[in-house]
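A.B. asks: Provide a 3D model corresponding to the input given below.
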Amino acid sequence: MSAVVVNMGARTVLGLDARETGFLLRAGFPAMSESALANAAGEAITGAFLSTVDARLIGVERLAALALPPFLEAIAPIQDRTMEVHLAIDEGCFDVEIATGVLETMVKRAAPGARVSVEPRGEAGPGASITGALRALEARQVEAVVIGGVHSDHDPRAIAALEASGRLFSRENLDARIPGECAAFFVLMRPQEAARYRLSPLANVLGVGSGREKATPDNDATAYEALGLTKAVREATESLLRGGRTAGWTLTDLTTEMRRLQEWESVFARTQNVLGRPYLIESPAQRVGYLGAAALPLFAAMAAMGWKHGYAPSDVALLTAGNDGGARAAVVLEQA
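C.D. replies: Residues are numbered from 1 along each chain as shown. A predicted model of the protein is given here:
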């Protein structure tokens, strides 16, 4: 079953929509600054938060404020189509039941009649949703599937948890995460359906893969084993391998945590047969803060925007992400 990306939406610290975000990420803009939030010693932390969202807004309300604009942006051309919506939130999301209810209500108000699923699976959630989306499209259960994610560290509880686990970024602690926030969505349709509604395909889905790592932040297993991400990438790139093609553009959710960097080093060495020129590897979280559950949707939006406006470095992109629980996901997109 083939599916195409027909639209996307994003709201990040760099841009209020997918176009602004794509161009500024491509230009290499950093977005870290001193935050209104503080660590346990009362010192302002370094973070990447949206100045357009009230700094007093935290928790579930902030997630909804972040997610609604890019969701509306993404569904604008399919507003009257039957759709299924998969929205990922962080696996360790505070008030997960309340967040699920609020975000489901938000989606149903914006898209009455949509089938909605809010999934607390973190970075791995959107990757897993694509497999189900392909089945739903193939069975013609819906005309479009919207896949997205939302994340925010702008919450004193989130900062306290990062600091307690030794994962809060500072000049003295570089093996850590830079707190951030983001929301992004992309829309999948059958190629024939997109053509019928005169929607121009921006990207083709070539492959999806998943795996699970033994190494997590809570154990001493070596990250260099990297069997989960290796499996995910190999599954996603099967069609490339069969066709003798390579992905020249890789988008990862790597922060500055050494555990994930070590994992990626192993995978990069093992998958050289499907990686090619210009070997561009981008890790936006190192410049715009941790992306959480919004990582893969943002990467899909970045790739589609790059192809739409002609600045993408390659016609094939490999997207990878993984959560703290060990789940890993990989997706391969191709310029339509």
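
A.B. asks: Pull out the buried positions in the lengthiest helix in the chain.
C.D. replies: Determined from DSSP state H, the single longest helix within the chain is helix 59-75. Residues of helix 59-75 classed as buried by neighbour count (16 or more other CB atoms under 10 Å): 59-60, 62-71, 73-75. C-betas here are computed from N, CA, C, even on glycine.

A.B. asks: Stretch 325-335 now?
C.D. replies: Using 16+ other CB under 10 Å as the test for burial, stretch 325-335 gives Gly325, Gly326, Ala327, Arg328, Ala329, Ala330, Val331, Val332, Leu333, Glu334, Gln335.

A.B. asks: From those residues, which land in strands?
C.D. replies: Using DSSP state E, the members of the buried residues of stretch 325-335 that fall in strands are Ala327, Arg328, Ala329, Ala330, Val331, Val332, Leu333, Glu334, Gln335.

A.B. asks: biggest separation within these, which pair?
C.D. replies: Ala327 and Gln335 (28.0 Å; CB to CB).

A.B. asks: Show me which of the ones in strands among the buried residues of stretch 325-335 is closest to Gly211.
C.D. replies: Arg328 (4.6 Å).

A.B. asks: who's the closest one bridged to?
C.D. replies: Gly211, Gly322 (DSSP bridges).

A.B. asks: Ends of stretch 233-245, what's the gap?
C.D. replies: The stretch stretch 233-245 measures 14 Å between its terminal residues, going by CA to CA, to the nearest Å.

A.B. asks: List the buried residues in it.
C.D. replies: For stretch 233-245, by 16+ other CB under 10 Å, it's Val233, Arg234, Glu235, Ala236, Thr237, Leu240, Arg245.

A.B. asks: doesn't Ala321 make contact with the first one?
C.D. replies: Going back to what we said before, that points to Val233. No. Between Val233 and Ala321 there is no contact under CB atoms under 8 Å: 11.4 Å.

A.B. asks: Packing partners of the helix or strand bottoming out on mean pLDDT in the chain?
C.D. replies: Scoring the helices and strands of the chain by mean pLDDT, DSSP states H and E places strand 33-38 at the bottom, with a mean of 90. Counting contacts by 3 or more CB pairs under 8 Å, 6 or more residues apart in numbering; DSSP states H and E, strand 33-38 is packed against strand 44-47, helix 156-164.

A.B. asks: Which of the ones you listed sits closest to Thr131?
C.D. replies: helix 156-164 (29.4 Å).

A.B. asks: and the helix or strand following the closest one with strand 327-335, angle?
C.D. replies: Downstream of helix 156-164, the next assigned helix or strand under DSSP states H and E is strand 181-189. Strand 181-189 runs at 60 degrees relative to strand 327-335, counting by axes from the mean of the first three to the mean of the last three CA atoms, to 10 degrees.
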